[in-house]
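In: have a look; sequence and predicted model below, questions after that.
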Amino acid sequence: MPMGFGWRNILFPEKKYSFYTSLDLGYGSAWFQKKERDNNVETWDEGGWMISPAIGLRKSSKKGNLAFTWTLGFKKQFADSFVGLPITGTVIPVEGIRPGYQSLFEENIIFNSLFIRWGIIF
């Protein structure tokens, strides 16, 4: 679930047709992903940072209180996936591995998305 802050800039707001740019920055969380345990192996996902620049075209309505937008953009989001074997018994913790685990596999994932968006500004 990504959460972000957005910035929009209309290059020529007084014209009927105008280009605009946008930038969204945020964090993609994995709040709804539960940690799963199968036998003695735990698996879970964690979210990461997100960035999404875009460029578009805005067309104002005749009365000027509405505008239609068409946007082309890109979104890059980082995430991590883990598979770990928790410490059981008297195993000595290994330096460099998260506390509480005797072995841990971490996979870094980067999601890249290209999008086309149509919208209404009112």
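Out: Structure's in. What do you need?
In: show the pLDDT at the residue located most distally from the centre of the chain.
Out: Among the C-alpha atoms of the chain, the one most distant from their mean position (C-alpha atoms, centre = their mean) is that of T90, at 39.5 Å. The per-residue pLDDT reported for T90 equals 72.
In: next, find the distance separating it from G26.
Out: 43 Å (C-beta to C-beta, to the nearest Å). C-beta: built from backbone N, CA, C; applies to glycine.
In: do F115 as well
Out: Computed with C-beta to C-beta, the distance linking F115 and G26 is 15 Å.
In: of these two, give the one with the bigger neighbour count.
Out: Neighbours of F115 and G26, each counted by other C-beta atoms under 10 Å, are more numerous for G26; the result is 16 against 11.
In: element containing the residue nearest to that one when sequence neighbours are not counted, please.
Out: Once flanking residues are discounted, G26 sits nearest to G4: 2.3 Å by C-beta to C-beta, 6 or more residues apart in numbering. Assignment of secondary structure by DSSP states H and E places G4 within strand 2-10.
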